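# Give me the fold of what follows.
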Amino acid sequence: MWSRELPTLARRNGVSAFDELFDRVFRGARPPLAATGIDLFATEEGYGVVLDLPGLDPAKLNVRLEEGQLVVAGERETSAMKGVRWIAQGRAEGAIERRIDLPEDVDGDAIKAEFRHGTLSLTLPRRPEARPKPISVRVRE
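As a prediction, the model looks like this:
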C-alpha cells in the first residue's frame, strides 16, 4: 500500500531517486551571469559604475565603448576539480558580458577603469559642455 504512494530510494542505473531529485531541483541553480553585482551612480562631474567580478582574471577582462554602450566582458575559469560530483554549484563560470546603455553626455575618450580585489570601478566623466554650469546672479539694491 505505502510503496505505491511514497517514492522509493531504489537505485536506477547506479543513481538513487534522491540523487535524481536533488539534481532536478538544483540543476541550473547557478546565478545568471546578469546577476553579477553592479552599482550605477551619478555626480555633477559624471557617472560611476562598480561591478563585482570575483574570480575573474584581469588579463581576460575586456572593457570597451560600443555604439553608446559600455561593454564589460571576460571569462571566469572553469573549475578544474576532478573526481567530484557537484551537489550545488553557485559560482558562475565561463564567459560573462554586461552591456550598459550610457547617457549621451558621457565623454567616451575620458573613461577610466580600475580593477582591484575582484571589483571593477569605472569613472565616466560628462563632456565638459554637458556639465552643469553655475550662473552668477547679480543682486541690485
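
# With adjacent residues omitted, what lies nearest to residue 37?
For residue 37, ignoring the flanking residues on the chain, the nearest one in space by CB to CB, 6 or more residues apart in numbering is residue 52 at 3.6 Å. Where C-beta positions appear, they are placed from N, C-alpha and C, glycine not excepted.

# what's the burial count for the one you found?
13 (other CB atoms under 10 Å).

# Pairing partners for it in the sheet, please.
For residue 52, the beta-bridge partners under DSSP bridges are residue 119.

# Need the nearest residue in space to residue 103, chain neighbours excluded.
residue 47 (7.0 Å).

# Sticking with the one you found, tell me its helix or strand.
strand 46-52 (DSSP states H and E).

# who's in contact with the residue nearest the centre of the chain?
Centroid check for the chain by CA atoms, centre = their mean gives residue 36 as the closest residue, at 2.3 Å. Residues near residue 36 by CB atoms under 8 Å, 6 or more residues apart in numbering: 51, 52, 53, 92, 96, 98.

# show me the contacts for residue 39.
Per CB under 8 Å, 6+ apart, neighbours of residue 39: 48, 49, 50.

# circling back: among the contacts of residue 36, name the buried ones.
Neighbour counting with 16 or more other CB atoms under 10 Å marks 51, 53, 92, 96, 98 as buried within these.

# ok, those residues vs residue 139, which is closest?
Nearest to residue 139, judged by CB to CB, of the buried ones among the contacts of residue 36 is residue 51 at 47.0 Å.

# How much space separates the closest one from residue 66?
Residue 51 is 16 Å from residue 66, where distance means CB to CB, to the nearest Å.

# ditto for residue 126
19 Å.

# between the two, who's got more neighbours?
residue 126 (20 against 8).

# OK, contacts around the more buried one?
Residue 126 neighbours (CB under 8 Å, 6+ apart): 45, 46, 47, 105, 106, 107.

# can you redo these as TSV with distance to residue 57?
Output for the contacts of residue 126, formatted as TSV (distance: CB to CB, whole Å):
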residue	distance to residue 57
45	31
46	28
47	26
105	33
106	27
107	29
